[in-house]
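>>> Return a 3D structure for these sequence lines:
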Amino acid sequence: MDLLFSNDRQGHYPESWYAATALDAQEHPPLQGEVRADVCIVGAGFTGLSAALHMAQAGLDVVVLEAHRMGFGASGRNGGQLGSGQRVDQLSLEGLIGAADARKYWDLGEEAKDLVRALVAKHGIDCQLRDGVAWCGSRPGDVAHLHEYAEHMATHYDYDMEVMDAEAFRALCPSPDYCGGVLDMGAAHLHPLRLAQGLAQAAIGAGARVFERSHVSSVDEGAECVVHSAQGSVRAGHVVYAGNGYLGSLQPKVARRVMPINNFIVATEPLGARVAEVLTRDVAVADSRHVVNYFRLSPDGRLLFGGGENYSYRFPQDIRAKVRAPMLEIFPSLRDVRLDYAWGGTLGITMKRLPLLERLRPNVLAAAGYSGHGVGTAVHAGRLLAEVVKGSSAGFDAMAALPTPPFPGGPSMRTPLLKLAMTWFALRDRLGI
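Numbering: from 1, shown residues only. Sure thing, here's the model as predicted:
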C-alpha cells in the first residue's frame, strides 16, 4: 500500500470520536470497468463533494473517485473550526498583497462561511454547527496583537470581535496558560465528518456518482482525460484534483506547492461537571503558538483537543502521548482524565498558508493547500470549481491569483526544510520568545 495511506485501513474510517458519532453513511462500490462523465473528481473530501454537488445541480454528469471512504481524509478528521476570512490574518494579507485586494479575499472568506451555513440548512445536515471561535495568547505580546487586530477589523472591515483581557478570557477558558484574547462569534465549529457525509448525500441526491475504494493511479490529461484506478477508468471532458494532502505525487505541479503534514487530536472521556475546567461557553478555541493548539467541547461533554504535528507519511506510534503533553500544558488539572480516542489526519499546506487553486490545463483544475482553514475554504473552492466548468471563472481566478510559490528544493526537500523550520518555531514557543 502507498505510504501515504499506511496509517489507515483502506475502506474504513480510522477510529476517532468523529467516526464513532458519524452519520449512517451508505457505502459505495469501487469503480468497475470504463465509464464516461462530463467531469471526474479525484477525492471525496469537502472540495470534491462540494464541487460534485454544485456541478450535479447544474446538470453535469459527475463521477467522484475516492481511495477510501467519503470524508476519509482531513475533511473527516480536523478540528471542525469554520474560521473567518482566510488562513492568513488580514493585517498579514494586507502587507502581502495590499489593502484593496486583502478586502476582496476577506469577502470571499465570509462568502465561504455563508456557503457552509446555507448548505447545512438547505440539506438538513446534522453536523452540530455552533457559533463562536476564540483566539488567545499565552504571552502579553500575543494578546496585545490580537486586541490590535480586533480594533483593525472593527475599524476597516466593520467586523466586530469581543476583546477579552486575562480575567474575561479565564472566565471563558480557565486555563492558567492564557492571558487574554478575542472571541469571534461570526466564526463557528462543527462535526466535520458529518458535514462531509451530508455533502455526499446531497451530491448523490443531485445525481453525482461516487465510487469508494477507487484509488487513482494515474491520469492521462488531454482534450479528453482518462482517469485510471485499479479496476476501472473514467473518460471525462474535465478532471478536478481534490485530494489535498492525500494527492501524493499524482499531480507534480500541485506537489511542488502543496506539502502534506499530519496533525493530531484526542477526545477525553465525558467530563461531566468538569467541563467548567475547560470552557464555560460552547465555543471553539485556538491559540497563538506557531504549532497551534485548538480545542472545543463535544455535545456529550468531551474535550476535543488538537496539538502536535509531524512531517512524514507515518503517524507516531503513540498519538495519545503526543497530544497529552500540550493538552496538560494548557489544562494541568486534567492529568487524571482518560483519553478515549486519539487520531491523526493529513492536511495540505502551502508556503504562504494561502490556498492553491489552479487551472493546470483548460479542462484540468486543482484546489488544495488550505493550511488548516479548509472547512469553509474547501467547500467554497468546490463551488468555484463548479462555476469554472459551467463557464464562469471570476471567483476561481481571484483565488488562483493568490501567491503560492513552490517549496524550496521541490518535493524532495520540502519535508526536511519544513521540519527544521517547525522545530525552531516549537523551540521558540517553549522558550517564550
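
>>> by contact count, what packs against the host helix or strand of residue 239?
Per DSSP states H and E, residue 239 falls inside strand 232-241. Secondary-structure packing of strand 232-241 (3 or more Cβ pairs under 8 Å, 6 or more residues apart in numbering; DSSP states H and E): strand 33-42, helix 46-57, strand 62-65, strand 225-229, strand 364-368, helix 374-390. For the C-beta atoms, the positions are set from N, CA and C on the backbone; glycine is no exception.

>>> Which parts of the stretch 151-300 of the chain are helices?
For the stretch 151-300 of the chain, the helices defined by DSSP state H, counting those that start in this stretch cover 166-172, 192-205, 252-255.

>>> tell me the mean pLDDT for the shortest one?
Yep, that's helix 252-255 we're talking about. Per-residue pLDDT over helix 252-255 has a mean of 94.

>>> buried residues in it?
If you call a residue buried by 16 or more other Cβ atoms under 10 Å, then helix 252-255 has these buried ones: 254, 255.

>>> still on that earlier bit, buried deepest among the helices of the stretch 151-300 of the chain, which one?
helix 192-205 (a mean of 25; mean count of other Cβ atoms under 10 Å).

>>> what about that one, distance to the chain center?
15 Å (Cα atoms, centre = their mean, to the nearest Å).

>>> ok, now stretch 177-194?
14 Å.

>>> cool, and stretch 102-122?
With Cα atoms, centre = their mean, you get 15 Å for stretch 102-122.

>>> ok so, going back, switch the helices and strands packed on strand 232-241 over to JSON lines; also include mean neighbour count, mean pLDDT and distance to residue 260.
What follows is those, written out as JSON lines (neighbours: other Cβ atoms under 10 Å; pLDDT from 0 to 100; distance: least, Cβ to Cβ, whole Å):
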{"stretch": "strand 33-42", "mean neighbour count": "20", "mean pLDDT": "98", "distance to residue 260": "15"}
{"stretch": "helix 46-57", "mean neighbour count": "29", "mean pLDDT": "98", "distance to residue 260": "15"}
{"stretch": "strand 62-65", "mean neighbour count": "28", "mean pLDDT": "98", "distance to residue 260": "19"}
{"stretch": "strand 225-229", "mean neighbour count": "19", "mean pLDDT": "98", "distance to residue 260": "21"}
{"stretch": "strand 364-368", "mean neighbour count": "28", "mean pLDDT": "98", "distance to residue 260": "10"}
{"stretch": "helix 374-390", "mean neighbour count": "26", "mean pLDDT": "98", "distance to residue 260": "13"}
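
>>> wait, which of those is closest to residue 338?
helix 374-390 (28.0 Å; Cβ to Cβ).

>>> Quick check: pLDDT value at residue 155.
pLDDT recorded at residue 155 is 98.

>>> I meant residue 425, not that one.
pLDDT at residue 425 comes out at 43.

>>> May I see the helices of the stretch 151-300 of the chain arranged in TSV, with distance to residue 278 as well?
Shown next, in TSV, are the helices of the stretch 151-300 of the chain (distance: least, Cβ to Cβ, whole Å):
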stretch	distance to residue 278
helix 166-172	10
helix 192-205	20
helix 252-255	38
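
>>> doesn't residue 247 make contact with residue 255?
Yes. Between residue 255 and residue 247 there is a contact at 7.1 Å, judged by Cβ atoms under 8 Å.

>>> give me the low-pLDDT residue ranges for the stretch 301-433 of the chain?
313, 409-433 (pLDDT under 70).

>>> For it, just list every one of the strands.
303-310, 339-349, 356-361, 364-368 (DSSP state E, counting those that start in this stretch).

>>> quick one: the strand holding residue 239 to strand 225-229, angle?
If you take axes from the mean of the first three to the mean of the last three Cα atoms, to 10 degrees, strand 232-241 sits at 120 degrees to strand 225-229.

>>> would you put the C-alpha positions of strand 232-241 in CSV?
Written as CSV, here are the backbone C-alpha positions of strand 232-241 (Å, rounded to 0.1, in the frame of the first residue of the first chain):
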residue,chain,number,x,y,z
GLY,A,232,-11.6,0.7,-14.0
SER,A,233,-11.3,4.1,-15.7
VAL,A,234,-13.3,7.3,-16.3
ARG,A,235,-13.2,9.2,-19.5
ALA,A,236,-14.2,12.8,-18.9
GLY,A,237,-14.1,16.2,-20.5
HIS,A,238,-12.8,17.8,-17.3
VAL,A,239,-10.7,16.5,-14.4
VAL,A,240,-10.6,18.1,-10.9
TYR,A,241,-7.8,17.2,-8.5
